[in-house]
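Novice: Here is a sequence with its predicted model. Questions after.
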Amino acid sequence: MKKCFVVLLFSLIAIFGTGSVATAVVYTVTNITNNSSFLRGAPQINDNGYVVWYGSGNLDPLDTTIDSEIFLYDGTTTTQITNNSYDDWYPQINDNGYVVWYGNDGSDDEIFLYDGTTTTQLTNNSYSDGSPQINDNGYVVWLSNESS
Ligand SMILES: [Ca+2]
Ligand SMILES: [Ca+2]
Ligand SMILES: [Ca+2]
C-alpha cells in the first residue's frame, strides 16, 4: 500500500512538474450588483462564497448626502444588513458568516457585529473605532483612537 502511494505521488509530480498537461480554466462571472449607485466598494468573500461590501441604498448617483449601508450576498440572495442614516463602512466576513464593520453613531465610529440574525454594537464610546477584522473563531480586532 505504501509503495502504491509513493508511485502515485511521483507520478503526480511528473505530470504537474513538467507542465505538460494543458488545463482549461473555466470562469463563471456573476454580477452581484446591478445599479447606478456611485457609493459602493470594499468587497470581501469568505470560503463559502459569501460576499460583503458597503454601498448605498439610495440609487441616485447625484445625491451626495446619502449614507452607506452593509450588504451580504450568500450566493443566491443579497441582504442589506444595515438600514440607518449614518455611514457604514468596510465589512469583513468570516467563514461562519459573521460580519463586522464600522459605522458612525452620529458623533464617532463604532464597531458592529452581525451573526447572521442579529446585529450587536461592540463599542460605545466617544472616540473613533475602525478597521475591524474577525477570525473564524469569532474573535474581533479593531483600531481605536482614544485621542480623537
Ligand atoms: Ca448607513
Ligand atoms: Ca467609537
Ligand atoms: Ca460613540
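Specialist: Noted; the coordinates are in hand. Ligands and ions are numbered 1, 2, ... in the order given.
Novice: CA atoms only: put stretch 88-108 into CSV for me.
Specialist: C-alpha atoms of stretch 88-108 as CSV (Å, rounded to 0.1, in the frame of the first residue of the first chain):
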residue,chain,number,x,y,z
ASP,A,88,-21.4,52.0,7.5
TRP,A,89,-18.0,51.0,6.1
TYR,A,90,-15.6,48.2,5.2
PRO,A,91,-17.3,44.9,6.2
GLN,A,92,-15.3,41.8,6.9
ILE,A,93,-16.8,38.3,6.9
ASN,A,94,-15.6,35.0,8.4
ASP,A,95,-16.3,31.5,7.2
ASN,A,96,-19.2,31.2,9.7
GLY,A,97,-20.9,34.1,8.0
TYR,A,98,-20.3,36.6,10.8
VAL,A,99,-19.8,40.1,9.6
VAL,A,100,-18.0,43.1,11.3
TRP,A,101,-17.8,46.7,10.1
TYR,A,102,-17.5,50.1,11.5
GLY,A,103,-20.2,52.7,11.4
ASN,A,104,-20.9,56.1,12.6
ASP,A,105,-23.3,56.6,15.6
GLY,A,106,-23.9,60.2,14.9
SER,A,107,-20.7,61.5,16.5
ASP,A,108,-18.0,59.0,16.0
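Novice: Please identify the buried residues of it?
Specialist: 88-94, 97-105, 108 (16 or more other C-beta atoms under 10 Å). The way it works is simple: take the backbone N, C-alpha and C, and place the C-beta from them, glycine included.
Novice: next one: stretch 109-124
Specialist: In stretch 109-124, counting by 16+ other C-beta under 10 Å, buried: 109-114, 123.
Novice: do it and ligand 2 meet at all?
Specialist: Yes. Stretch 109-124 lies within reach of ligand 2 by C-beta under 5 Å from the ion, at E110.
Novice: how close does the residue nearest to the spatial centre of the chain get to ligand 2?
Specialist: Closest to where the C-alpha atoms of the chain average out (C-alpha atoms, centre = their mean) is Q44, at 3.0 Å. Between Q44 and ligand 2 the computed distance is 22 Å (C-beta to the ion, to the nearest Å).
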